[in-house]
Structure formats: C-alpha cells, structure tokens
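Novice: just need the structure, nothing else, for what follows:
(chains A and B)
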Amino acid sequence: MRRTAVLPLVLGIALSVAAQEPTSTGEAVDRLGLRFTPDAELVITADLAEGAKTEAGQESVVFSQHVRATQGDMRLECDWLQAVYPKAASGRPDRITARGSVLMTQGTNQARCTEASIDNVACTAECTSTGTRASLRRGQDDIEANAIYFDLCKGTVRAVGDVLIRVRERPGEKPSEPKPAEPGAGGG
Amino acid sequence: MRRGGRIAAASLCAVCLGCSAGLEGFEPRRSAPQGLPPAELEGVTFEAYRGEQRELSVTAQRATIDLVTRVADLERVTFRFSEDNRGQIEVAAPTGELKLDQDDFVLSGGVLGSAQAGERFSTETVRYFAARRELVSSTPVELQRTNLVLRADGMNLGLDERRLRLVGKVEARVVPR
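Specialist: Residues are numbered from 1 along each chain as shown, chains lettered A, B, ... in the order given. All right, here's what the predicted structure looks like:
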C-alpha cells in the first residue's frame, strides 16, 4: 500500500518546519532540515586534492574522487568538492561547492542533488540538480523539487519549484485519507 | 646551475677541507679512479639567478661535491625559492643531494617546508625537478595552515603556478578554534 500526499500537506510540512525553529540537531533531524554543528571538526577525505585560486583571487582546495566530508553528525558525499577560503588566513572555508552525485545525510534525512552550495558565513545550503530533481528523503517519505534550500543554523528547509511530496505508509499503519497538516505533522 | 642565463654563485663561507692546494691530486671519494677528487666544504651557500632575480638559494652546513658526477651531497640543507612578490618557499632537511648541472635535488631524512601565510608542510623525502620547477613527494605528507591540516600519500607543488596537488588518501581537517 502506498499513498501520495497532496500538495497542501507538502506545504504544511515545509511551513511547519520553517515556523518552529528547532533548537538542537536532534530536533532538526526529527523534522526535515539539516543542521550544522559549527564547533565540530570538519573532515574532508578524497583521493585527490588540488590547491588553486578562484577567479576572485581567493584560495581554494578542490577535492576529487570519492569525496566525503563530515562535520558533527552531518555527512556529505560527492564526486568533486571545492572549499573556498577567506583571504584572511583561516582554516575554515567560507564556501563549499559540491558536484556530481551529491548526497547530504544527517540522521535519517538524506538530500540528493547534482550540485550543492554551502555558505558557511550565511549558514545556508542550496541543493539543485541538472537534468533531474533535487530530493530530500526522510525514512520512507521524500520531497522532490527544482531546488531545496537549507538554513543550517536554524535547521529549516524550503523546497521550491514543482514540489512533490510522497508520504508512504509505514508498516502496520492503516491507510487513511490525507488530512490537513498540523505543525510538525509528517515532517518528523 | 645553468638555465636561461642564470648565474650560479657558490660562496664558500667557511673551511674548505679538501681543496688546500687545488682539487687535483686528491683521491676521489666515490668517483672513477681517474676522476677529480670530491671537494668537501663547510658552511656553503649556492645561489642561482634568472636574470637579475635570485631564484634559488641553497645553504648547507656541510657539502661534498663530486666534481666528476657533478653531484653535491649536502648536510643540514635549506633550499629557498624566492620570486617576485609571491613570497618565499623554503624547504629544509638533514640531508640532500643536488645535481649541479640540472639544479635537481632530493631532500631526505625528514623534510620541513614553509611558505608565505604561515603554511608549513612535512614529509620524509622531497624531490625537485628544475626543468618543470616542481617539488614532488611520494612519501606521506602533512600540510598545516592555521587550523587546517591536510594529509596525503604524496604531493606535487608547481612553483610557477604555485599549484599544490595532493594525491592518495587525502584528508583535510579543520580543527575548531
């Protein structure tokens, strides 16, 4: 058995997540978004890395082949990743761009796209796909959209463009009619 | 040391142990019997220029120069690359081998490197290819820049473009301050 939620329910999820800003990582994951642990160590591994300057003259390191990045309980996998550092000496990148088969995971939340841009200064991430759609999955349920935006400090999420949400019946759950969304319903 | 009109200068700062009456007549240390004897030097500075620009400076506490193979064995050696306004890159090691005709060298025994902006790297062995102006290490390397630590199985550092390439099991760690 499988049911697909209607759009109002989808919007209800997104709005409820945005309206009640979670205060901890666990709470963010219980809803739908991804949330940074800013004081955690950032570790990036890859087969290859190359230091280069961006067109704007900023220092950057490009990682390629089997790229994995972890910070706290958030994990990112991709084929290519560029970390751009501020001009003032600092070990923490201002901006991270990931390309290829991008998978961002935190708890049971998984975001997939072909390009993700993470702005460490604004504490935001954008997940977009070329030729396909960005998706965000939590357990059996998932969202597809043209672009998915994350506020990584607040743990909120916003899906934009032809948003489709699939809510699948959990084992043992009786099928029921879709009902109007309540704060937190379906998102957690 | 000759390339593109550069002048190589060897300033022998201290004692020349094996050259009191000229180099000829001494037994060679490792060359063919008919070859010239090695010159053993202490407190050595080599300088290589490209035009007016000093491109490479080498200091060593002790050097043994094989005049046949034109290879200098160096102890407690530091190579300094300095170009325009791009800052200086310095690599130092307990031992080194410099090919005088090509400017190629190998440093070993624990190499420490530094660049502008407080960047540092360490590795067991590094090789410099003068023709392509590249430092290459095939031994595990660790680079540090403020609170960023990069590790890999090897590295290539192109001096012309100041392009760093890390190869094999690359790991970057940003330690929170």
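
Novice: show me where chain A has strands.
Specialist: Assigned by DSSP state E, chain A shows strands spanning A:42-53, A:59-71, A:74-84, A:95-106, A:109-119, A:124-128, A:134-138, A:141-145, A:147-151, A:156-160, A:164-166.

Novice: now the longest one: buried residues?
Specialist: Counting neighbours by 16 or more other CB atoms under 10 Å in any protein chain shown, one finds that the buried residues in strand A:59-71 are A:Glu59, A:Ser60, A:Val61, A:Val62, A:Phe63, A:Ser64, A:Val67, A:Arg68, A:Ala69, A:Thr70, A:Gln71. Where you see a C-beta, it was placed from the backbone N, CA and C, and this is true even at glycine.

Novice: what subset of the residues you listed is also close to chain B?
Specialist: Applying CB under 8 Å from any CB of the partner chain to the buried residues of strand A:59-71, one finds that A:Val61, A:Phe63 fall near chain B.

Novice: from the strands of chain A, which stretch is densest packed?
Specialist: Ranked by mean neighbour count under mean count of other CB atoms under 10 Å in any protein chain shown, the strands of chain A are led by strand A:147-151, which reaches a mean of 23.

Novice: what's the angle between that one and strand A:156-160?
Specialist: Angular relation of strand A:147-151 and strand A:156-160 on a 0 to 180 degree scale: 160 degrees, by axes from the mean of the first three to the mean of the last three CA atoms, to 10 degrees.

Novice: from the chain's centroid, how far away is strand A:147-151?
Specialist: Distance of strand A:147-151 from its chain centroid, counting by CA atoms, centre = their mean, to the nearest Å, is 7 Å.

Novice: skip ahead from the lowest-mean-pLDDT helix or strand in chain B and say which helix or strand is next.
Specialist: Least confident helix or strand of chain B, by mean pLDDT, DSSP states H and E, is strand B:8-12 with a mean of 41. Downstream of strand B:8-12, the next assigned helix or strand under DSSP states H and E is strand B:39-50.

Novice: where do the strands sit along chain B?
Specialist: Using DSSP E, the strands assigned to chain B run over residues B:8-12, B:39-50, B:53-66, B:71-82, B:88-99, B:105-108, B:111-114, B:120-123, B:126-129, B:134-137, B:141-145, B:148-152, B:154-158, B:163-174.

Novice: check the gap between the residue positioned nearest the centre of chain B and chain A for me.
Specialist: Nearest to the mean C-alpha position of chain B, by CA atoms, centre = their mean, lies B:Phe79 at 4.3 Å. From B:Phe79 across to chain A, the span is 20 Å (CB to the nearest CB, to the nearest Å).

Novice: if we can go back for a sec, let's have the strands of chain A in a markdown table, adding distance to A:Phe36 and mean pLDDT.
Specialist: Formatted as a markdown table, the strands of chain A follow (distance: least, CB to CB, whole Å; pLDDT from 0 to 100):
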| stretch | distance to A:Phe36 | mean pLDDT |
| --- | --- | --- |
| strand A:42-53 | 10 | 91 |
| strand A:59-71 | 7 | 93 |
| strand A:74-84 | 7 | 95 |
| strand A:95-106 | 9 | 94 |
| strand A:109-119 | 9 | 94 |
| strand A:124-128 | 9 | 94 |
| strand A:134-138 | 16 | 92 |
| strand A:141-145 | 20 | 91 |
| strand A:147-151 | 9 | 93 |
| strand A:156-160 | 12 | 90 |
| strand A:164-166 | 25 | 89 |
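
Novice: so which of those comes closest to B:Leu74?
Specialist: Among the strands of chain A, the nearest to B:Leu74 by CB to CB is strand A:42-53 (28.2 Å).

Novice: neighbours of residue 73, how many?
Specialist: You didn't say which chain, so I picked chain A. 15 (other CB atoms under 10 Å in any protein chain shown).

Novice: not quite, I wanted chain B
Specialist: 19.

Novice: wait, what's in contact with it?
Specialist: When contacts are counted by CB atoms under 8 Å, 6 or more residues apart in numbering or on different chains, B:Asp73 is found next to B:Ala63, B:Thr64, B:Ile65, B:Asp66, B:Thr95, B:Gly96, B:Glu97.

Novice: thanks a lot, catch you later.
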